[in-house]
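Peer 1: sequence unknown, structure follows:
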């Protein structure tokens, strides 16, 4: 019986000790809460929550490996390198030489604080506690995907010519070396590519082959499209019935093409060249000849011309001119018996 009492007293003691500890812990929690509440009441000091530590918690569980492609925000830049915030305990560093293969690239001109950059992890520790990154390596992985998208979508891009060679010009797009053939630099024939060095051109990607490391661009395609848009605008302003002067560019079995200036040209169909029936346009026209034409219509941004319409407007009908003049002046065109006998010899 005494043993049972002792065990009961011992158990009660453990329970009491546990209750005391719980009470003490509750007091500590209340004190901490009170302190936090007091801090929160201090003017100008925001209340801290778990959300404020989410980035730190995420970074603590994050693992970075060499070869990973990371996205960071530029927080500092100088002539030698750019420093990136990677949302990690260590900052990322990209040396100027690892920014681009373009020899004319300037890190101070091209990179600014706040820019977002994607780069490949080269080393997890560069010796100074930073992660060494390379934008050039990332371009090799990501750049070709972008270039293929530009090709499919026919995107117009702005590039700067870094150097020129006899057969074209060199530029860099998405960190990858691109070539613009001399035939794709302009709408006109280019004799010397040297004049293009340092110029900024609008181009389209016309070839993107990663396996062959072949990137070909064209400025001519963009210029041709702009020219077509401008010509369409001019054509839309020409009213049917307008008389114009042009030069015969070429003769075809079905008609003649006439240059009207300003990049515009129109077609005179063989049926609209002359009032006479002709078998070929060369019976009436020759290349290089200047002619006057009348605009019939401008449907579908094509100019339909006529020389025949001008002839019809200027040549009189097969009617006696004197009689026509009398009719137009209101005089009688009837003939008396005396008038008929005047010319008779008896």
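Peer 2: Alright, I've got the coordinates. Remember, it's a predicted structure, so these values are computed and weren't measured experimentally. Residues are numbered from 1 along each chain as shown.

Peer 1: contacts for stretch 281-299, please.
Peer 2: 235-236, 238-253, 255-256, 258, 266, 268, 270, 272-274, 278, 303-307, 309-310, 313 (C-beta atoms under 8 Å, 6 or more residues apart in numbering). For glycine as for every other residue, the C-beta is placed from the backbone atoms N, C-alpha and C.

Peer 1: let's see 7 Å
Peer 2: Contact with stretch 281-299 is made by 235-236, 238, 240-248, 250-251, 255-256, 258, 268, 270, 273-274, 278, 303-307, 309-310, as judged by C-beta atoms under 7 Å, 6 or more residues apart in numbering.

Peer 1: repeat for stretch 193-203
Peer 2: Residues from elsewhere that reach stretch 193-203 (C-beta under 7 Å, 6+ apart): 156-161, 163-166, 168-169, 180, 182, 185, 217-219, 222.

Peer 1: how long is stretch 126-139 end to end?
Peer 2: From its first residue to its last, stretch 126-139 covers 21 Å (C-alpha to C-alpha, to the nearest Å).

Peer 1: then stretch 204-221?
Peer 2: 7 Å.

Peer 1: also stretch 129-149?
Peer 2: Using C-alpha to C-alpha, the two ends of stretch 129-149 sit 37 Å apart.

Peer 1: buried set for that stretch?
Peer 2: 130-140, 142-144, 146-147 (16 or more other C-beta atoms under 10 Å).

Peer 1: okay, helices next: where are they in this structure?
Peer 2: Shown for the chain, the helices assigned by DSSP state H span residues 2-41, 54-61, 107-110, 135-138, 144-153, 220-236, 308-314, 321-329, 337-342.

Peer 1: mean pLDDT lowest where, among the ones you listed?
Peer 2: For those, the weakest mean pLDDT is recorded on helix 321-329, namely a mean of 34.

Peer 1: tell me the pLDDT at residue 139?
Peer 2: Predicted confidence (pLDDT) for residue 139: 84.

Peer 1: list the contacts of it.
Peer 2: 174, 175, 176.

Peer 1: excluding covalently adjacent residues, which one is nearest to it?
Peer 2: Excluding the flanking residues, the one nearest residue 139 by C-beta to C-beta, 6 or more residues apart in numbering is residue 175, at 3.0 Å.

Peer 1: just checking, that neighbour touches residue 143?
Peer 2: Yes: applying C-beta atoms under 7 Å, one finds residue 175 in contact with residue 143, separated by 5.3 Å.

Peer 1: wait, residue 116 touches residue 75, no?
Peer 2: No: in this structure, residue 116 is not within contact of residue 75 by C-beta under 7 Å, at 11.6 Å.

Peer 1: look at the two and report which has more neighbours.
Peer 2: Per other C-beta atoms under 10 Å, whichever of residue 116 and residue 75 has more neighbours is residue 75, with 15 against 9.

Peer 1: can you pull the contacts of that one?
Peer 2: 83, 84, 85, 113.

Peer 1: please redo it, this time with the cut-off set to 10 Å
Peer 2: For residue 75, the contact set (C-beta atoms under 10 Å, 6 or more residues apart in numbering) comprises 82, 83, 84, 85, 86, 91, 92, 113, 114, 115.

Peer 1: measure it to residue 107 for me?
Peer 2: Separation of residue 75 from residue 107 (C-beta to C-beta, to the nearest Å) stands at 14 Å.

Peer 1: look up how far residue 281 lies from the nearest residue to residue 254 once chain neighbours are set aside.
Peer 2: Closest residue in space to residue 254, ignoring its immediate chain neighbours: residue 270 at 5.8 Å, by C-beta to C-beta, 6+ apart. Applying C-beta to C-beta, the value for residue 270 to residue 281 is 6 Å.

Peer 1: need the residues touching each of these two.
Peer 2: Counting by C-beta under 10 Å, 6+ apart, the common neighbours of residue 270 and residue 281 are 251, 252, 253, 254, 255, 256.

Peer 1: out of those, who's the most crowded?
Peer 2: Neighbour counts for those, by other C-beta under 10 Å, peak at residue 256, which reaches 28 neighbours.
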